[in-house]
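A.B. asks: Attaching a predicted model along with its sequence, questions to come.
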Amino acid sequence: MKTTLLRVKVVINSEAKEWTIAPGDLLLDVLRREGYFGVKRGCETGECGACTVLVNGRAINSCLLFAAQADGCDLLTIEGVAKDDTLDPIQEIFLDHGAVQCGYCTPGMILSTKALLARNSDPTEAEVCDALAGNYCRCTGFRKPIEAVLAAAAARRANGGKKSPRAAKVKSR
Amino acid sequence: MSHDYNVVGKRVTKVDGVKLVTGRPAFTDDIAVPGMLYGKILPSPHAHARIKRIDTSKARALPGVHAVLTYKDVPRVPHTTAGQAWPEPSPYDTYLLDSKVRFVGDRVAAVAAETRAQAEEALRLIEVEYEVLPLVLDMEHAMDAGAPMIHDEPDSTGIFDAQHNLAAYIHQEIGNVEQGFREADMIFEREYRTPRQQHCSIEPHVTITWLDSDNRLVIRSSTQVPYHARRQVAMILQIPVQRVHVIKPRIGGGFGGKQEMLLEDICGALTLATRRPVKIEFTREEEFYMSRSRHPQILRIKMGVMHDGTIVANHLKVLATTGAYGSHSSTVQGSTGSKVLPLYRTAHMKFECHVVYTNTPVAGAFRGYGCPQGFFAQESLVDEIAHELGMDPLEFRQRNFIQLGDIDDLAAQLGEGKKGLPRTIRSCGLPECVERGAAAADWERKRKAPQDVSSHIRRGIGVACSMQGSGIAGIDWASALLKMNEDGSFNLQVGASDLGTGSDTVLAQIAAETLGVSLDKFIVYSADTDFTPFDVGAYASSTTIISGGAVKKAAENVREQILRVASRMLETPVENLTCRDNQVVTKCECQKSVSMTDLALHAMYKEKTQIIGHASHFNTDSPPPFCVQFAEVEVDTETGRIRVPHLVTAVDLGVAINPMQAEGQAEGAVLQSLGYALAEEMQLDERGRMINAGFADYKIFTSKDMPKLTTILVETEEPLGPYGAKAIAEIPINAPAPAVANAIFHAIGVRFRKLPIRPEEVLRALREKEKHEEETSDEPAGVGAAIPRATPRH
Amino acid sequence: MAFEHIEEFLRPTSVREAVRALHREGRRARVVAGGTGAALRENRTVRTLVDVSRLGLDYIRRKDRGWAIGAATTMTALEESRPIREFADGILAAAAATCGSVQNRNMITLGGGLANAWATADTAAPLLALDASVVLANARGRRRVPLAELFLGTDRTILNGKLLVEILIPAPPRGGRTGWSYQKLGRTESDISIVNCAAGLQVDRAGKCVWARIAMGAIEPTPLRARTAEAALIGQTLTLDSIEAACDALTREIRPITDLRATAEYRGEMSAVLTRRALRECAERAGCLL
């Protein structure tokens, strides 16, 4: 059996990277191998969305994409959402609204939210539900995540689309 | 309910929240262990078979394979995998690897190889010759004479009657139900059936084991029960407990599925065999049929009532199956009796239960722990009775509810494997739950005059109530360790397992409140058998009340030490001092104070003493939380599809330490219960194989299925709980299913006594009802029509 | 589960290169577009993957009042395309929008769903109702085939190493009033289809139906046109009764399957229900009062 290794070039979380991969490697496996542990393995059949990453701004299930197909693409994983110690407002709002319980689906939900709000600054609740329908969650019942997404959209509109940086510290109120 | 706390009762964000929203490596598999091998289990393709011959030579010869284990290679130690306090009440009927397999998915062998692909290939190369045995899948036939004996091995213990596949038998009674039935004006008896449900934690079971530099077996695992896992692995692998070190990282959901020592033993065995780190991670498919699930039950419930609606006798008979092994068999079903019947006061109660083995996937602990089954039956029957009596369903329940001050004697009969303890109701918010829940659900108006959406979409509203427990009386216990650092921060070490529930935060809030310091001063570490003191683990809704009780005591102990140091520093008696706002201040007008930071520095470097406290805690009672839930449904009479537009939960959880997390717990529980009611069922074929072992066909509710949720926290003050807390983790999963079934009856006049309620069944039932109405057209057209309906204009 | 048996991942830059590779590798090769490696997991004989997502096959173009859609066009692209949303009352966009989650729709391609012959593919019924044809390419050139002829059975097509490159949708009937509808039924809100139905009607000024299309998916091993039901409508004044008659004809015409999602009986009943709903919606959209 003669396997032809491939080199893929990506920009991931604004960093240029080059990976050597096997042709059958799935993007999920390569990402976790490269240390992006925030991308989770939940079903490997493209249903639960725990492996969600953004490829060229679009949410996809990295368990179904061959790593080779990511060549030349712009990737965003949860590790690239906060800027150093400053949380993205979406992350802040998820925390403030209690939308995080076990946290396993959270990276996927946050990325789905980012993709949604980049295209739709004023989503209806139905649109939010649709955006999150591919992020399975067994802990929250979705009520607080949906509220958080709507609040994040509202905050973004109020801020004129500008981010309001807040430090990523453990907080108490 | 108002109380004036600084941290307790506040909607604070989770102490581990930032870690989770930034996707930091925190879960079991989020580490790269050099030299780690991939372990995999070879599952049995047969539901019942003996291994006549097993040849692993080809597998072992495959490059990259480091170990292949069969029953010949490992010690044979009967045990239970149930994460329960020792001595576990579950039968010791399980073996690390055995020469007999008892369900499709049972362990045949295990391999460890350098890559996942090699491990999978190695499984394919193991040659097994099976003697396929007759199987029994139907619990109603498991005890028949001539049924195949699933546990015919001589060395298992704790099985009630292995000959008849009876894992457990439970029989409890107070009063005399026969007498009660003689006294009753009317008797109602119905049978209900509940399905096999799977937890579907988004993180599957995963364990990584390795030998550390001291040759101790380190187990890093997604577990709710690190201490039980340690004890059980030590016993199974025949190494001293001292040689085992269990680490529980962040967990991606458990819901009882991880109240089980599931992979730790076999993973550890592979590490011992290879001297290498080994990881076993279930695929989603394996998770479905090789892990644990909810016990399916057939419940026959009989109630005797007076004309005025008073219940005088309540008799529940249950047939349940525990699958191929008896994990949690007596305790889950025990709860079906002990936590369900006492909701309604009556002098005469009886609970009988047979828990049988079948050659099916193994059942175990699952949120609610026998109560979802029991309440589906009881809350449905109560609704049927109210309807027959022409009483409002809420009024009927209120007439019979358990009350503040009552003593629940049934609980005394059902402890975990030994005599239980009677339960005294010291806090009860049922009346307020009813009132506030009904208001939020617009119960009166929607009950009297449901507005149909259209000619083919009928609306209805239903209610169901429940109770649960908070910790297992006299058995669940916890301890906590609290250490002060020189900057006024604290390490809080607890064996309690935060499985996503937010217990780390709740426990820190309790400590913070007790010490008068802010929440951000705590570094919470849970759980690690080397560094955190004992805790039974996260189950039985025990963490807030029991682990919280330990934390409170430890914090009180530390507070005393702090006050003594402050007393010396401020030269004032301890009685004149109090802690608040990260400092110690005098109560009198002299207004002296010292910051926690200065105090800590002084204690450490001047007095040269470590301020550190610990405490253990348990309760001799299990104060029940109470819950009332209202479900609105829309029934599409053309497709049979049921939609739930609104679900109201009013829950008495004692004092809510963290209301935001508590609401989140309730909302997640509702999602699982709605799935149980309408969509979820592990389906097996005639050979015992699960045919829907994937999310494509095991349907859980997604964001698009969820109704509008209204969650009302009704607070009461529970004397046995820290700051008055009880529990919320499980209870909201008990009543949505019967509330939905009751709502469907209200909408279309059809009773569903079997879950899940599928569209096909709804349609079939509607057709039969139509036919019946046509045939008996001189009678009123179905019960549903008795309720005046507002018909919409098109 | 892992794809370690894959030896080569080819990324051709032209259709010609792609079809040559497929021809060369024969049964050892599989096309990959949106990823969805799920279909490949069972098949350990595949050694070569041919990525067709960068052959310039993602386009939506007007063609003779109809459409030419590249096979690598995603469900999201269809869903978001304003012209497609406006075409034929948006049934193709509507079907694309129900193809799983956002993540799924960003990956699933129009060609992929058809080439894999998923009985449940949500876009098959609308395309059949729209009289779509597919363009298949191999080393010898391109061939146009009516969509209905593509399917041989569940997961089986006539492709046999050819590459599906384009889907052509002809112009819908001119004149008169037309209305289209797409209906889907699953077990829950996010589900694979148990039944789906795409319908189109054209009525004249007198309210007589002069043209009808009814296509069903997920009820039989391949998507189908309900021709008897269509015939029952044509030439009749469109009324609730004529719609009912068409649904009856449909029920007699189809041979629905039983699988773990639904029984044949339920599928049969739901086919009638969805068809009725679809036809009524078509009528409404065609400005027809029933």
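C.D. replies: That came in fine, so what should we check first? Numbering: from 1, shown residues only, chains lettered A, B, ... in the order given.

A.B. asks: quick one: the helices in the stretch 101-250 of chain C?
C.D. replies: Assigned by DSSP state H, counting those that start in this stretch, the helices in the stretch 101-250 of chain C fall at C:102-107, C:110-115, C:124-129, C:227-233, C:240-253.

A.B. asks: same question, the stretch 301-450 of chain B
C.D. replies: Using DSSP H, counting those that start in this stretch, the helices of the stretch 301-450 of chain B run over B:329-338, B:371-389, B:393-400, B:410-413, B:430-441, B:443-448.

A.B. asks: mind checking which of the ones you listed is nearest chain C?
C.D. replies: helix B:371-389 (19.5 Å; C-beta to the nearest C-beta). Every residue, glycine included, has its C-beta placed from N, CA and C.

A.B. asks: average pLDDT across the closest one?
C.D. replies: Averaging pLDDT along helix B:371-389 gives 98.

A.B. asks: List the buried residues for that helix?
C.D. replies: B:371-387, B:389 (16 or more other C-beta atoms under 10 Å in any protein chain shown).

A.B. asks: Next: stretch C:5-21.
C.D. replies: For stretch C:5-21, by 16+ other C-beta under 10 Å, it's C:5, C:6, C:7, C:8, C:9, C:10, C:11, C:12, C:15, C:18, C:19, C:21.

A.B. asks: So what touches that stretch?
C.D. replies: A:1-4, A:6, A:22-24, A:66, A:68, A:71, C:29, C:44, C:46-52, C:54-55, C:57, C:137-139, C:162-163, C:165 (C-beta atoms under 8 Å, 6 or more residues apart in numbering or on different chains).

A.B. asks: And the buried ones among those residues, selectable in ChimeraX?
C.D. replies: Provided next is the ChimeraX selection string for whichever of the contacts of stretch C:5-21 are buried by 16+ other C-beta under 10 Å:
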select /A:6,22,23,24,66,68,71 /C:29,46,47,48,49,50,51,52,54,55,57,137,138,162,163,165
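
A.B. asks: taking the contacts of stretch C:5-21 one by one, which sit in helices?
C.D. replies: Members of the contacts of stretch C:5-21 lying in helices (criterion: DSSP state H): none.

A.B. asks: TSV for the helices of the stretch 301-450 of chain B, including distance to chain C?
C.D. replies: What follows is the helices of the stretch 301-450 of chain B, written out as TSV (distance: least, C-beta to the nearest C-beta, whole Å):
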stretch	distance to chain C
helix B:329-338	27
helix B:371-389	19
helix B:393-400	28
helix B:410-413	38
helix B:430-441	22
helix B:443-448	23
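
A.B. asks: okay if I get those helices as a markdown table plus distance to residue C:260?
C.D. replies: Shown next, in a markdown table, are the helices of the stretch 301-450 of chain B (distance: least, C-beta to C-beta, whole Å):
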| stretch | distance to residue C:260 |
| --- | --- |
| helix B:329-338 | 27 |
| helix B:371-389 | 24 |
| helix B:393-400 | 36 |
| helix B:410-413 | 41 |
| helix B:430-441 | 35 |
| helix B:443-448 | 36 |
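
A.B. asks: Residue A:55: which of those is closest?
C.D. replies: Closest of those to residue A:55 is helix B:371-389, at 40.6 Å (criterion: C-beta to C-beta).

A.B. asks: Output the contacting helices and strands for the closest one.
C.D. replies: Here helix B:371-389 touches strand B:186-194, strand B:297-305, strand B:311-323, helix B:329-338, helix B:393-400, strand B:457-467, helix B:736-748, going by 3 or more C-beta pairs under 8 Å, 6 or more residues apart in numbering or on different chains; DSSP states H and E.

A.B. asks: how about the third one: buried residues?
C.D. replies: For strand B:311-323, a neighbour-count test (16+ other C-beta under 10 Å) marks B:311-323 as buried.

A.B. asks: Keep only these that also lie close to chain C.
C.D. replies: Among those, no residue lies close to chain C (C-beta under 8 Å from any C-beta of the partner chain).
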